[in-house]
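K.L.:
Quick one: sequence plus predicted model below, questions after.
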Amino acid sequence: MSFLFVASPDDVIEQIVVQCWLFEARGGDHPGARARAERTLERLLSRGLPSRVGAHGRLLLDPYAANNAIKSRAGEPGDEAWADWQKTTRRNAVSLPGAPHLYRFTMRREWHSFAAAPGRPLVFRLPLPLREAQRGAAELRLLEPSGGLVDRRDGPGRVELRVDPSAVRGPVVAELVVPFVGGEVRDGKEPSTPLGEDPDPSDEPWLRDREGVIAPSRAVAALAAELAAGRRTARDLVHAAWDWLISTLRFGDVHRGDLDPVDPLGGLLRAPLADCMLGSSLLVGICRSLRVPARVASGFLLHPANLGPHSWAEVKLAPGCWVPFDFGSWCYCAGDPSDPEWGHFFRGRADARFVAEVAPREYTGWGNAPPPERWFRLERLRGDLIEHTLHALPDGALVRRDQLGLQNLGPSGHVPGDEPRSG
Amino acid sequence: MIRRLLIPLQLGEDVEVRVLLWYKVEGDPIADGDALVELETDKAIILVTAKQAGTLRRCFTAAGDWLKVGQVAAWVSDEAGEPLPAERTAPAEELLATFETT
């Protein structure tokens, strides 16, 4: 694993607050949470967390290395950061009701890096719930440049703004408020498709051997064959694969430059470290290598202390039956699938989520503000909102800032405007 | 002469693009430098601009449709009334166009 010294101690401390003590911080004790995070960072440094002294004597840290050190399987039970990180993730995991509820999602998004063809409007995108039947009308305001909006287009998984480039003087800023209904999704345990059965031709997008980090891999194919030995159905296979992933890989942050450029998924088997997107992609790659349709879904977790972007896998276990498998479940069981309560928490299950994308064809997209080739992310609490920032490498320049908020408006099977009418 | 607007290999061997917006409709005259169509991938928007004049005769895709590298997106003729081939895959000269990714 390489180290990228791009974050200040304050960045890392605030990230630790979010990871380990956000319930406390949001409950009014931000100073206490921050003091504990500061002690954690001191402890990590004393145990060898790499750092570098940059310009003007400033200490620089790798935010991913700090995160991974806390989440390490070698975390010590007596270490308050390790113990409280796990308490926080578990409290998040059980925080959402299973039955459908109405949520109000708020996003303030700033774009700091963008470019369009000369004479063309600038195109910016924000996420919307993918399934239109689940969402109400989205309120959207272009805050900067005010009066610069040329056009707005709503579609599945996104709202698009077209902005007059001559009005742009700095970052472009928009605020989105969208109500939607979300509820838990579970494996209905329908009889699963036998392994080896020819998939439906319409499943072609979810059988491709190349998509993002998914690429043909001998290592993944060999692992898939090993996991499939003696298994009869798609469900048997994906359960075996999921248990293998949870017990073999660690969940953590991965610099994209550390991925094997030829065989990214095969490289994960050697690492063995993966974030939500990479772990999901590996599960999808295993399934696809055995012709079981599988896909990566993305959106936002609605957890009170972890409101933020997330990805998980969905596997087609029977006709019309897509079942979620979330590698983030590693965080609840710390890599022990035999844990009776937490070991299989998100195996065949996902809690209420804001689902914005299902790869490869349903996506929000980046418009005229594409992601940098190499990047890293930070998160911190800003008032009541959770802030996620995307930075370019190598200079750490801010590319995009999202500030997220969520309200649970109570049980509801209907989206606003879709209530049953009397009479 | 009939010319075809091809999705170029330079976009990447496995790339699939979605049609976002046609700036012209069938029968519209095209000048060198006119924007023809906006395409998108999950990461970027691609503006296709004609680098020669003609008439847009046939669009094979509408907004929201998918195109793979090597597929024909449209036919453009030098003269407005020239007869069109029977098949989309019929051999034809390639329309000069730029594919600008932003």
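P.N.:
Received it, and whenever you're ready, just let me know what you need. Numbers count the residues shown, from 1 in each chain, chains lettered A, B, ... in the order given.
K.L.:
For the stretch 1-150 of chain A, what lies in contact range of chain B?
P.N.:
Proximity of the stretch 1-150 of chain A to chain B, by CB under 8 Å from any CB of the partner chain, involves residues A:115-117, A:120, A:123. To be clear about C-beta, it is placed using only N, CA and C from the backbone, and glycine gets the same treatment.
K.L.:
any chance you could map the strands in chain B?
P.N.:
Using DSSP state E, the strands of chain B run over B:2-6, B:16-22, B:29-30, B:35-40, B:45-50, B:54-59, B:66-68, B:72-77, B:93-94, B:97-101.
K.L.:
where's residue A:53 relative to chain B, distance?
P.N.:
Counting by CB to the nearest CB, to the nearest Å, the separation of residue A:53 from chain B is 36 Å.
K.L.:
which non-adjacent residue is nearest residue A:394?
P.N.:
Nearest residue to residue A:394, sequence neighbours excluded (CB to CB, 6 or more residues apart in numbering or on different chains): residue A:374, at 7.3 Å.
K.L.:
do residue A:123 as well
P.N.:
Excluding its sequence neighbours, the residue lying closest to residue A:123 (CB to CB, 6+ apart) is residue A:367, at 3.7 Å.
K.L.:
ok, that neighbour - contacts?
P.N.:
By CB atoms under 8 Å, 6 or more residues apart in numbering or on different chains, the contact list for residue A:367 reads A:114, A:122-125, A:160, B:45.
K.L.:
Double-check the residue nearest to residue A:394 against residue A:395; I have them as touching.
P.N.:
No. Checked against CB atoms under 8 Å, the pair residue A:374 and residue A:395 is beyond contact range at 10.5 Å.
K.L.:
quick one on the thing from earlier: and the strands of chain B as JSON lines, adding mean pLDDT and mean neighbour count?
P.N.:
Below are the strands of chain B laid out as JSON lines (pLDDT from 0 to 100; neighbours: other CB atoms under 10 Å in any protein chain shown):
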{"stretch": "strand B:2-6", "mean pLDDT": "97", "mean neighbour count": "21"}
{"stretch": "strand B:16-22", "mean pLDDT": "95", "mean neighbour count": "20"}
{"stretch": "strand B:29-30", "mean pLDDT": "98", "mean neighbour count": "16"}
{"stretch": "strand B:35-40", "mean pLDDT": "96", "mean neighbour count": "22"}
{"stretch": "strand B:45-50", "mean pLDDT": "96", "mean neighbour count": "22"}
{"stretch": "strand B:54-59", "mean pLDDT": "98", "mean neighbour count": "20"}
{"stretch": "strand B:66-68", "mean pLDDT": "96", "mean neighbour count": "16"}
{"stretch": "strand B:72-77", "mean pLDDT": "97", "mean neighbour count": "23"}
{"stretch": "strand B:93-94", "mean pLDDT": "96", "mean neighbour count": "11"}
{"stretch": "strand B:97-101", "mean pLDDT": "94", "mean neighbour count": "17"}
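K.L.:
now those strands as JSON lines including distance to residue A:413?
P.N.:
What follows is the strands of chain B, written out as JSON lines (distance: least, CB to CB, whole Å):
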{"stretch": "strand B:2-6", "distance to residue A:413": "47"}
{"stretch": "strand B:16-22", "distance to residue A:413": "32"}
{"stretch": "strand B:29-30", "distance to residue A:413": "51"}
{"stretch": "strand B:35-40", "distance to residue A:413": "34"}
{"stretch": "strand B:45-50", "distance to residue A:413": "37"}
{"stretch": "strand B:54-59", "distance to residue A:413": "42"}
{"stretch": "strand B:66-68", "distance to residue A:413": "34"}
{"stretch": "strand B:72-77", "distance to residue A:413": "43"}
{"stretch": "strand B:93-94", "distance to residue A:413": "54"}
{"stretch": "strand B:97-101", "distance to residue A:413": "43"}
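K.L.:
Quick check: which of these is nearest to residue A:202?
P.N.:
strand B:66-68 (13.6 Å; CB to CB).
K.L.:
Which strands or helices does that closest one pack on?
P.N.:
On a contact count with 3 or more CB pairs under 8 Å, 6 or more residues apart in numbering or on different chains; DSSP states H and E, strand B:66-68 meets strand B:16-22.
K.L.:
Please name every helix or strand in contact with the strand it packs on.
P.N.:
strand B:35-40, strand B:66-68.
K.L.:
Dump the ones you listed into a markdown table; add distance to residue A:206 as well.
P.N.:
Converted to a markdown table, the helices and strands packed on strand B:16-22 look like this (distance: least, CB to CB, whole Å):
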| stretch | distance to residue A:206 |
| --- | --- |
| strand B:35-40 | 20 |
| strand B:66-68 | 14 |
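K.L.:
between those strands, which gets nearest to residue A:146?
P.N.:
Closest of those to residue A:146 is strand B:35-40, at 25.5 Å (criterion: CB to CB).
K.L.:
Quick one: residues in contact with that closest one.
P.N.:
Strand B:35-40 is contacted from outside by A:117, A:120, A:365, B:5, B:7, B:17-24, B:30, B:45-50, B:56, B:67, B:73-74, B:97, B:99, using CB under 8 Å, 6+ apart.
K.L.:
Distance-wise, check the residue nearest to residue A:394 relative to residue A:274.
P.N.:
Counting by CB to CB, to the nearest Å, the gap between residue A:374 and residue A:274 amounts to 18 Å.
K.L.:
More neighbours: the two, which one.
P.N.:
Shown here are residue A:374 and residue A:274; by other CB atoms under 10 Å in any protein chain shown, residue A:274 has more neighbours (25 against 13).
K.L.:
residues contacting the more buried one?
P.N.:
Residues in contact with residue A:274, defined by CB under 8 Å, 6+ apart, are A:245, A:249-252, A:254, A:268, A:282, A:327.
K.L.:
ditto for residue B:54
P.N.:
Each residue near residue B:54 by CB under 8 Å, 6+ apart is listed here: B:3, B:29-30, B:76-78, B:95.
K.L.:
Is it possible to get these out as TSV so that each row also shows distance to residue A:183?
P.N.:
As requested, the contacts of residue B:54 are arranged in TSV below (distance: CB to CB, whole Å):
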residue	distance to residue A:183
B:3	52
B:29	53
B:30	50
B:76	50
B:77	54
B:78	58
B:95	50
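K.L.:
Could you give the number of residues near residue A:150?
P.N.:
14.
K.L.:
Quick check: it touching residue A:165?
P.N.:
No. Between residue A:150 and residue A:165 there is no contact under CB under 8 Å: 9.5 Å.
K.L.:
Look up which residues are beta-bridged to residue A:151.
P.N.:
Counting by DSSP bridges, residue A:151 forms beta bridges with residue A:162.
K.L.:
List the residues that contact it.
P.N.:
A:121, A:160-162.
K.L.:
quick check, nearest of these to residue B:88?
P.N.:
For the contacts of residue A:151, the residue nearest residue B:88 by CB to CB is residue A:160; the value is 29.3 Å.
K.L.:
and which of the contacts of residue A:367 is nearest residue A:344?
P.N.:
Closest to residue A:344, out of all of those and judged by CB to CB, is residue A:125, at 35.3 Å.
K.L.:
Please verify my assumption that the closest one contacts residue A:159.
P.N.:
Yes. Between residue A:125 and residue A:159 there is a contact under CB under 8 Å: 7.2 Å.
K.L.:
Compare these two and say which is more crowded by neighbours.
P.N.:
Taking neighbours as other CB under 10 Å, residue A:125 and residue A:159 compare with residue A:125 leading, 24 against 19.
K.L.:
Much appreciated, bye for now.
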